[in-house]
Each structure stands twice: as C-alpha cells, then as structure tokens.
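Asks: I would like the atomic coordinates for the input below:
(one chain, ligands or ions: 2)
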Amino acid sequence: MSALLKAEAFDHAAAEAMDQYVIVKSTIYTSGERDPRKPPEHPDAKGKLHLMHHDPRLPRMPDQPTLFDFFKLRFGPSIHMLQSARLAQKNGCSEKIILACLIHDIATGGFIRADHGYWAAQMLEPYVDEEVTFAIRYHQVLRFFPDEAYGYKYPDSYLRLFGADYKPEPYLDRAYHYARKHKYYDAARLLTVNDLYSFDPNVHVELEEFTDIVGRHFRQPAEGLGFDDSPTAHMWRTINWPTRYL
Ligand SMILES: [Fe+2]
Ligand SMILES: [Fe+2]
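Replies: Ligands and ions are numbered 1, 2, ... in the order given. From the prediction side, this is the model:
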C-alpha cells in the first residue's frame, strides 16, 4: 500500500472510530480556558461508547513501548533536549549527566508544563539513578538562581519571558537552598549549564546517537513503560492513552 493510501486508510479508520466513541478532555487540559467548577461540556453521547483505550487520532504505540517510542510518538519536538545532551557530551560530562540532559524536559513536551522538572523526575524515578532524577527535578529550580562558580547567570530569556520583576515562588527558594547543600548539587547545576536555550538550526542530532548511553543508564522495563506496575507506570499509560474516560 502506498504512503498516501495508508494515510487515507488511517484517516478513514480514525474517522470511523471517532463516530463510535465519545472522547472527553481531562479537566487539566481545559482548566483556565473554562471554569473547572462548571459541569463538564460533554459531547453528545447518544449511541456511542466512552473511549477506554487508544485514541484513534494518535499514532498507535507498540505494545511494549520504550523510552524512544515515547520520544517518537508522544513527545513534542525534542531538538532542545538532543542539543543539550550533545553539549553535555562536548563539555565532557558523565554519561548520567548526558542522559539527564537528553530527558530533562520530557514533561514540557509530553505531559504537563507547570513544575515540569518535578513531574519528569517523578516519572523517571523507577528507571534511572537518583542522581539523574535529582538533576532533572532541581534544574527547574536552579535555572532561576545564578552560580558564578559554574559561569551560570540568570537567563536573558527568563527576563523576556517573565519580566524583570518576576520573583520565584517561596517553594522554589526553599528548594534552591535545599539543593545547594545536597551531594548532587553539581549534577543539577551541570544540567542547567548545558540546558541550551538557543537552538542552533544547523546542528542536527539524532536520538539514536544516545542509544548506548540510554541502554546503560535507563532501566527499560521488558513489559514496556506503562505496563510494568512501577509506582509511576500510570503516568506513562496516561501519556500513551491520554483521553481514556477513566
Ligand atoms: Fe526545563
Ligand atoms: Fe531545557
């Protein structure tokens, strides 16, 4: 079957599935756009079932999805993380820091932006060493706090994005002071130093360049992410099947 025919068949199957199912959005998708206290605006459900599995509008994930499957089928463009990992490699960082760079923003690209460092660290905790999740959780915090010893200053981009008057919330202040004294401070700080905020459109980096590092430092479950009964498997399942009714 040609690529065009395949795409048409996929569109047809998706349209058919859409006719069969009611697909509703979780409150978190719409909170703010609408008042979450109001009764949900459910589409007409007459003669339809509520979706409890794969969303027909999305590419289907393999039955035992790997980290790279999530990169390719569920996460947004990953050039920022790939270029950060490449920079860490160039700067002679350890493999764990390179891995941390490669996966540090998976929450912004694939799950939830607010507190993205915390969400990503939690998702990853069963699969990587604690140094990696510490770096990922606290990179979000340390980005707001300069450290001259590492040549890290407050990002110009944050001045533009948040304004000159923005002050980090007290919980970030507390987290910063906690991280400063932590044995893995260095790891989190190195992540902020290699967290590239200007993308170079001429630098091309492939995910596969990091296959070996991921193989050595990411404990990919044989059952697939989401199906291994780890304490965070539900988070991976939700990204895989984001619109199930329950
Ligand atoms: Fe980040
Ligand atoms: Fe980043």
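Asks: Scan this protein for its longest helix.
Replies: In terms of residue count, the longest helix belonging to the chain (DSSP state H) is helix 3-20.
Asks: Please save the CA atoms from that helix in CSV.
Replies: The C-alpha trace of helix 3-20 is given here as CSV (Å, rounded to 0.1, in the frame of the first residue of the first chain):
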residue,chain,number,x,y,z
ALA,A,3,2.0,6.0,1.8
LEU,A,4,-0.9,8.1,0.5
LEU,A,5,-3.3,5.1,0.6
LYS,A,6,-2.1,4.2,4.0
ALA,A,7,-2.7,7.7,5.3
GLU,A,8,-6.1,7.7,3.8
ALA,A,9,-6.9,4.3,5.3
PHE,A,10,-5.7,5.7,8.7
ASP,A,11,-7.8,8.8,8.4
HIS,A,12,-10.8,6.7,7.5
ALA,A,13,-10.3,4.3,10.4
ALA,A,14,-9.8,7.3,12.8
ALA,A,15,-13.0,9.0,11.5
GLU,A,16,-14.9,5.8,12.0
ALA,A,17,-13.6,5.3,15.5
MET,A,18,-14.5,8.9,16.2
ASP,A,19,-18.1,8.2,15.3
GLN,A,20,-18.1,5.2,17.6
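Asks: Okay, now the sheet partners of the following helix or strand past it, with direction.
Replies: Sequence order places strand 21-22 as the next helix or strand after helix 3-20, per DSSP states H and E. Here strand 21-22 has these sheet partners by DSSP bridges: strand 49-50 (parallel).
Asks: Let me see the mean pLDDT of the partner strand.
Replies: Averaging pLDDT along strand 49-50 gives 94.
Asks: mind checking how far it is from the chain centre?
Replies: Mean-position distance between strand 49-50 and its chain equals 29 Å (C-alpha atoms, centre = their mean, to the nearest Å).
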